[in-house]
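Student: Sequence and predicted model, in that order:
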Amino acid sequence: MIRLSLKKNHKTLIFVTFVFSWVSTLISCTNNIDIASVLDNKEDKASITAKKSEIIYTENGKVKLKVIAPVTKIFQNVDQPYTEFPEGITVYNFSDSMEIESELTSNYANYYDKKKLWSASNNVIAKNKKGETLNTEHLFWDQNKKTIYTEDMVKITTADGIQYGQGFVSDEAFNNWEIKKPNSFYYLNENKEAKKDSTLSKK
């Protein structure tokens, strides 16, 4: 749960509470959130707009996820409440030992509260602790199923080479992944020169 303390005209103190329901996750918000505005209660307008937000997800007292966004817009007065990140996000996924397991950046993103679904789009880049990098234009994270997936074209860069294909599925930490329809692989030799192989083995 995130509680934002807002002042309006220096007279009325407004408390706005909203929930990101993630299993039994407690969500806390750091002090560097600067509230830009509280808008009219219209469906096409955000209930809350925040600048330079940093959202921390914790579970059993441990940080599991950190989301950093230049602009955050929360839409509460709709059938499917959601949060929009119109200028993109940076997401860090932590292990129980507080090590960064993966990170993701995108130029645009949404979070759908009831579905527990994240949607990242426009220049999506994900990296795992093995140094592998995923590039695509649209990526989903289903927290109920604990999976990351897309049906779009993907490019994955590993220590061995560069893989291309259509569609992708992975665990939340981006450790165990698979390209659904692989189409090419470029091996990298010691001089970092690419060599094409028409056969691609799935991970």
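Tutor: All right, it came through fine.
Student: Need the nearest residue in space to residue 111, chain neighbours excluded.
Tutor: Closest residue in space to residue 111, ignoring its immediate chain neighbours: residue 83 at 4.5 Å, by CB to CB, 6 or more residues apart in numbering. (C-beta placed from N, C-alpha, C; glycine too.)
Student: first vs last residue of stretch 165-178, how far apart are they?
Tutor: Taking CA to CA, to the nearest Å, stretch 165-178 runs 10 Å from one end to the other.
Student: contacting residues around that stretch?
Tutor: Contacts to stretch 165-178, defined as CB atoms under 8 Å, 6 or more residues apart in numbering, come from residues 93, 95, 101-102, 126-130, 132, 134, 136, 139, 141, 143, 146-154, 156, 179-184, 200, 202-203.
Student: Generate a PyMOL selection restricted to the buried subset of these.
Tutor: Per 16 or more other CB atoms under 10 Å, the buried members of those correspond to this PyMOL selection:
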select buried, resi 93+101+102+126+127+128+132+134+136+139+141+143+148+149+150+153+154+156+179+182+200
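Student: Give me the average confidence score over the helix or strand harbouring the residue nearest to residue 111.
Tutor: In this structure, residue 83 sits in strand 82-85 according to DSSP states H and E. Mean pLDDT, strand 82-85: 95.
Student: try stretch 119-132
Tutor: Across stretch 119-132, the average pLDDT comes to 96.
Student: Next: stretch 157-174.
Tutor: According to the model, stretch 157-174 has a mean pLDDT of 95.
Student: Any buried residues in it, and which?
Tutor: Neighbour counts using 16+ other CB under 10 Å place 157, 161-165, 167-170, 172-174 of stretch 157-174 among the buried residues.
Student: Having no further points to raise, I will conclude here.
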